[in-house]
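Chemist: Here is the input, now give the coordinates:
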Amino acid sequence: MQRAVNSLRDRVLDPNWMSFNYTQIPPTQPDAAIQGLNQAMTPPFGMGSRLVWLVDTTVCQNCPDDLLAELKRTLPAIPDTSVLLLTSRNKPDGRLKSTKLLQEHAEVQEFGLIPPWKTDLLLQQVRQAAQSLGVKLTSTAAEAIVESVGNDTRLLYNELEKLKLYVAENSPPIDENVVADLVKVNTQNSLKLAEAIRQGDTNKTLILIGQSIGRNEPILKIVATLIGQFRTWLWVKLMLERGENSEQQIAQAAEISNPKRVFILKREVMHISTQQLITALPVLLELEVSLKQGAEQVTALQTKAIALCQIFSSSNS
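Modeler: Sure, this is the predicted structure:
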C-alpha cells in the first residue's frame, strides 16, 4: 500500500510545488475527515495537482450522519486538479452508506495478503512486481521466489530490488540459480519444517524451529505456511482415495498452480493416512488461535510441533 501511495504522489504532484500541494492528515487530528474534504476542494498552488491523504481513516468503519452528509456534498464536487486519498488498515464495511458512496465516486484498491497456499496468485504477484521494477525473471526463477518469500509483499519487493542491483541493464532474465544465491529464504524453511513433521522427525523439527527463530521469521507466518502445506497434502490424499489420478484434476482441486508438483505431492502422502492429516489440521488451527490470543509463541509452536510429530511417527516407525 505504501508503494502505491508513493507512486500516486509522484504521479500527481509537481516536485517543485509539493510542500504547498501535499497534505497528510493523521487520524489523531480533530475532524480529520472534514479537514481533508475542505483541503481537497482547495485549488492547487503553482504547477501540478493537489493530493490530500487521510491516513488510517475510519470513514468506512464508522461514519456519523453529519460526516456522511458532508461526503455526499463534497465527493461529487472535488475538482479534477485534486486527489483525495483515503487509506485504512481495516477492511471497509460494505453495509455502511459511506462505503457505498465511496465505491460510487472513488477507485478502490485492496492490499490484502494472498493466502500462502494460493501459489498461482503468488506467482502472478511476483511477475507483476518484477515487471513494475523492470526485473526480468525466467519462469523457474519466479517460482523460486514464491517458494522463498511466500506472501510477504515487503520482502518480495526488497529481494527484487536486490536482484535489480545485481544484474546489468541488458542482461538476460535472472534464473533460479541466481535466486537461490541471493534471495532470503523464508517460506522454504517452513516447508522443510512441514516435511520434518510429516516424517514424524521430532529432533529435526525442533532444529528447524530454532533456525527459523534465529532468522527472526514471524511465527504466525510459519504456522500459516504449515496450514497451507498440510491442507494441500490432505486434498491430494482425498483425491487419490477417490481414485483420481489426473494430475490436472488434482491440481485444480487442491489449488496447485503447477500440475507437475502433484507428482511430488503424491509421493509425499503415499505413506501417511488421511486420518493423520485430518487429525493434524485442527492442531495447527488451535496453534494459530492460541498465538493470536497471546500465547508464548516459541513454546506454543514447539509444543504443537511435537504433538504433530507424534501423529505421524507411527507411519514412519
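
Chemist: Run the chain-centre distance for stretch 280-287.
Modeler: For stretch 280-287, the separation from the chain centroid amounts to 21 Å (computed by C-alpha atoms, centre = their mean, to the nearest Å).

Chemist: Check which residues of that stretch are buried.
Modeler: By neighbour count on 16 or more other C-beta atoms under 10 Å, the buried set for stretch 280-287 is 280-281, 283-284, 287. The C-beta positions use only the backbone N, C-alpha and C, and glycine is treated the same way.

Chemist: Which members of those are positioned in helices?
Modeler: 280-281, 283-284, 287 (DSSP state H).

Chemist: Which residue ranges of the stretch 101-250 of the chain form helices?
Modeler: 119-133, 139-149, 153-166, 176-182, 187-198, 202-214, 219-241, 247-253 (DSSP state H, counting those that start in this stretch).

Chemist: Any buried residues in the fifth one, and which?
Modeler: Neighbour counts using 16+ other C-beta under 10 Å place 187-194, 196-198 of helix 187-198 among the buried residues.

Chemist: burial of residue 20, as a residue count?
Modeler: Residue 20 has 14 neighbours, counted by other C-beta atoms under 10 Å.

Chemist: Could you check the pLDDT of the closest residue to residue 206 other than its chain neighbours?
Modeler: In space, and not counting its chain neighbours, residue 206 is closest to residue 302: 6.4 Å by C-beta to C-beta, 6 or more residues apart in numbering. Note for residue 302: predicted pLDDT of 95.

Chemist: again with residue 117
Modeler: Value for residue 117, per-residue pLDDT: 67.

Chemist: do residue 148 as well
Modeler: Predicted confidence (pLDDT) for residue 148: 80.

Chemist: got it, and residue 93?
Modeler: pLDDT recorded at residue 93 is 88.

Chemist: related to what we said a few turns ago, pretty sure the residue nearest to residue 206 is touching residue 207, no?
Modeler: No. Residue 302 lies out of contact with residue 207 (C-beta atoms under 8 Å); the separation is 11.2 Å.

Chemist: Which one of those two is surrounded by more residues?
Modeler: When residue 302 and residue 207 are compared for neighbours, residue 302 comes out ahead with 17 against 13, by other C-beta under 10 Å.

Chemist: Could you measure from that one over to residue 259?
Modeler: As for residue 302, its distance to residue 259 is 36 Å (criterion: C-beta to C-beta, to the nearest Å).

Chemist: Equivalent analysis for residue 143, please.
Modeler: For residue 143, the distance to residue 259 equals 13 Å [C-beta to C-beta].

Chemist: the more surrounded of these two?
Modeler: For residue 143 versus residue 259, neighbours defined as other C-beta under 10 Å are more numerous around residue 143 (20 against 14).

Chemist: wait, what's in contact with that one?
Modeler: Residue 143 makes contact with 123, 176, 258, according to C-beta atoms under 8 Å, 6 or more residues apart in numbering.

Chemist: Next, count neighbours for the second one.
Modeler: Residue 176: 18 surrounding residues under other C-beta under 10 Å.

Chemist: Assess the claim that it and residue 140 are in contact.
Modeler: Yes. With contact defined as C-beta under 8 Å, residue 176 and residue 140 form a contacting pair (4.4 Å).

Chemist: and the ones in helices among the buried residues of stretch 280-287 as JSON lines, adding distance to residue 154 and pLDDT?
Modeler: Formatted as JSON lines, those follow (distance: C-beta to C-beta, whole Å; pLDDT from 0 to 100):
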{"residue": "280", "distance to residue 154": "30", "pLDDT": "94"}
{"residue": "281", "distance to residue 154": "28", "pLDDT": "94"}
{"residue": "283", "distance to residue 154": "29", "pLDDT": "95"}
{"residue": "284", "distance to residue 154": "25", "pLDDT": "95"}
{"residue": "287", "distance to residue 154": "24", "pLDDT": "95"}
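
Chemist: Between those, which sits nearest residue 22?
Modeler: Of all these, residue 287 has the smallest distance to residue 22: 44.5 Å, by C-beta to C-beta.

Chemist: which residue packs closest to that closest one, ignoring adjacent ones?
Modeler: Residue 287's closest residue in space is residue 304 (C-beta to C-beta, 6+ apart), at 4.3 Å.

Chemist: Could I get the CA-only coordinates of the host helix or strand of the one you found as PDB?
Modeler: Element membership of residue 304, judged by DSSP states H and E, is helix 297-313. What follows is helix 297-313, C-alpha atoms only, in PDB (Å, rounded to 0.1, in the frame of the first residue of the first chain):
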ATOM      1  CA  GLN A 297       5.000 -18.100  20.700                       C
ATOM      2  CA  VAL A 298       8.100 -20.200  20.800                       C
ATOM      3  CA  THR A 299       6.700 -22.600  23.500                       C
ATOM      4  CA  ALA A 300       3.400 -22.900  21.700                       C
ATOM      5  CA  LEU A 301       5.000 -23.700  18.400                       C
ATOM      6  CA  GLN A 302       7.400 -26.300  19.900                       C
ATOM      7  CA  THR A 303       4.600 -28.000  21.900                       C
ATOM      8  CA  LYS A 304       2.200 -28.300  19.000                       C
ATOM      9  CA  ALA A 305       5.000 -29.400  16.600                       C
ATOM     10  CA  ILE A 306       5.900 -32.200  19.000                       C
ATOM     11  CA  ALA A 307       2.300 -33.300  19.100                       C
ATOM     12  CA  LEU A 308       2.100 -33.200  15.300                       C
ATOM     13  CA  CYS A 309       5.300 -35.400  15.000                       C
ATOM     14  CA  GLN A 310       3.600 -37.900  17.300                       C
ATOM     15  CA  ILE A 311       0.600 -38.100  15.000                       C
ATOM     16  CA  PHE A 312       2.800 -39.000  12.100                       C
ATOM     17  CA  SER A 313       5.500 -41.000  13.800                       C
END
